[in-house]
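Peer 1: my questions are about this predicted structure, shown below with the sequence.
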2 protein chains.
Amino acid sequence: MPRLTRAESVQRTRSLLLTAAEEVFAEKGFTQASLEDIADRAGYSRGAVYANFTNKEDLFLALLGDWLDRDIEESEEILAPGGDAMQTVDALRGRGGNRFADRERFALMLEFRLYAIRNPLAAQALRDYDRKSRDWYARSIRRVIQGMGLPLPAPAEQVALVALALEHGIALLAHTDPEAISQDSYLDAATLLGTALISAAERERSAR
Amino acid sequence: MPRLTRAESVQRTRSLLLTAAEEVFAEKGFTQASLEDIADRAGYSRGAVYANFTNKEDLFLALLGDWLDRDIEESEEILAPGGDAMQTVDALRGRGGNRFADRERFALMLEFRLYAIRNPLAAQALRDYDRKSRDWYARSIRRVIQGMGLPLPAPAEQVALVALALEHGIALLAHTDPEAISQDSYLDAATLLGTALISAAERERSAR
DNA sequence: GTCTATACGAAGATAGAC
DNA sequence: GTCTATCTTCGTATAGAC
């Protein structure tokens, strides 16, 4: 009697390969990464890769799907426990200021975006991901604003788009120039935006 | 007597190769683009590439430098004629809402960023570029705010960083999901930020 | 399903003629 | 400086044993 059933063993190999792929793709990029690199790191041979995925692109897409799902899950956890504004900000700070503060994570995300420019399947996956991210922001914003009993001077969806764009934009700039721009200047930027909006909202309220 | 001097001829070839490289790199990405593709498009053979650049990477870096310089020049032109706020916004709108609205231009920019993650020389060039861009924004913001006779609730440099990050972030999201997010939602986002800041500034002034 | 061995093509880079 | 021909490396993918 094997400790792992056949199905479990298959899943395990697949999972190990995906983890290895994530690391290697992040380090070298899609085209630079060889299947041998990936198989080696997972402790298998090239044959194992082809037994589990039809080709390199298929592996990359599987990784993309996995990665996006995991990221969304993590986000939900941050928001989940009925936490207030401060808790959410603290959780974000714990993540290094923004989701893409980690160099490898960021590189992989860029790699996906670039790939998606020329690949419809990848583009679809990223669209879903972005929409979920934006939705997450919209819910967070509504929760915070409601907690303060203030009217929003703009729809939560629009503010969410701005916040999401800021998260990506700051990550991009900070990774290029880490000495001048820290990753958690995202939190500063979000704070600037937030206080300006709240101030505008209060002004509007008191004008009535 | 040749129509072109020797030096001019050299410059011409180099320039043709760079233009071809820009197109091919934008279409296929750095690793996917072959030197033969590029040479073909320019009407030369691979040998010509090696006569003008030491290798593929050198060509890519030369293109990066050219591209950044051109972009900065264009930006200066927009700001130059002592234009007011509306003129600047109109000029931006004429550019498709943001600098990276064009698909190829955007792809190339991402390609450069990704490359820079692993290449110090490219990273340095992008840093200079980003600092100039940020500076451009800071000058624009100061000009607009001064024109309105208002105090800024935050340093122009910080607001400039936010604007620059927004430009990049919106381009990223809009290219992934063009149906849901238009490129000129950058202008909406900037407007949202701007009015909120101005509102906050006016509130502060009237509080005194 | 996983391994080893191998076929095959693609593309960067070099050598030498013009 | 530019071309053609060639070398060489590398990585995807397949075939067949276990």
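Peer 2: That came in fine, so what should we check first? Numbers count the residues shown, from 1 in each chain, chains lettered A, B, ... in the order given.

Peer 1: neighbours around A:A154, how many?
Peer 2: Counted with other C-beta atoms under 10 Å in any protein chain shown, residues neighbouring A:A154 total 17. Any C-beta I mention is one placed from the backbone N, CA and C, and that applies to glycine too.

Peer 1: checking it next. Helix, strand or coil?
Peer 2: coil (DSSP: H, G, I helix; E, B strand; the rest coil).

Peer 1: surely it touches B:L192?
Peer 2: Yes - A:A154 is within contact range of B:L192, at 5.7 Å (criterion: C-beta atoms under 8 Å).

Peer 1: which helix or strand lies directly C-terminal to the lengthiest helix in chain A?
Peer 2: Using DSSP state H to define each element, chain A has its longest helix at helix A:120-148. Remark: after helix A:120-148, the chain's next helix or strand is helix A:156-176, criterion DSSP states H and E.

Peer 1: list the buried residues for that next one?
Peer 2: Burial within helix A:156-176, assessed by neighbour count using 16 or more other C-beta atoms under 10 Å in any protein chain shown, is assigned to A:156, A:158-176.

Peer 1: and it, what does it pack onto?
Peer 2: For helix A:156-176, the contact count by 3 or more C-beta pairs under 8 Å, 6 or more residues apart in numbering or on different chains; DSSP states H and E identifies helix A:103-118, helix A:120-148, helix A:185-207, helix B:103-118, helix B:120-148, helix B:156-176, helix B:185-207 as packing neighbours.

Peer 1: so which of the ones you listed is the most packed in?
Peer 2: Comparing these on average neighbours per residue, with mean count of other C-beta atoms under 10 Å in any protein chain shown, the densest one is helix B:156-176 at a mean of 24.

Peer 1: mind listing residues that contact stretch A:47-60?
Peer 2: In this structure, residues lying in contact with stretch A:47-60 by C-beta atoms under 8 Å, 6 or more residues apart in numbering or on different chains are A:10, A:13-14, A:17-18, A:21, A:25, A:30, A:35, A:38-39, A:42, A:62, A:115, A:119, A:122.

Peer 1: which other helices and strands does the helix-or-strand element of chain A with minimal mean pLDDT contact?
Peer 2: For chain A, scoring each helix and strand by mean pLDDT, DSSP states H and E identifies helix A:85-94 as the least confident one, at a mean of 76. Identification of packing neighbours for helix A:85-94 by 3+ C-beta pairs under 8 Å, 6+ apart yields helix A:56-79, helix A:120-148, helix A:185-207.

Peer 1: in it, what counts as buried?
Peer 2: A:88-89, A:91-92.

Peer 1: dump these to JSON lines, plus distance to DNA strand C.
Peer 2: Output for these, formatted as JSON lines (distance: C-beta to the nearest atom of the strand, whole Å):
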{"residue": "A:T88", "distance to DNA strand C": "41"}
{"residue": "A:V89", "distance to DNA strand C": "44"}
{"residue": "A:A91", "distance to DNA strand C": "37"}
{"residue": "A:L92", "distance to DNA strand C": "39"}
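
Peer 1: contacts only, for A:F25.
Peer 2: When the contact criterion is C-beta under 8 Å, 6+ apart, the partners of A:F25 are A:33, A:60, A:63, A:108, A:111.

Peer 1: same check on A:S199?
Peer 2: B:196, B:199-200, B:203.

Peer 1: will you turn the residues you listed into CSV that also has pLDDT?
Peer 2: Converted to CSV, the contacts of A:S199 look like this (pLDDT from 0 to 100):
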residue, pLDDT
B:A196, 90
B:S199, 86
B:A200, 85
B:R203, 83
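
Peer 1: for those, which one is nearest DNA strand C?
Peer 2: B:A196 (48.1 Å; C-beta to the nearest atom of the strand).
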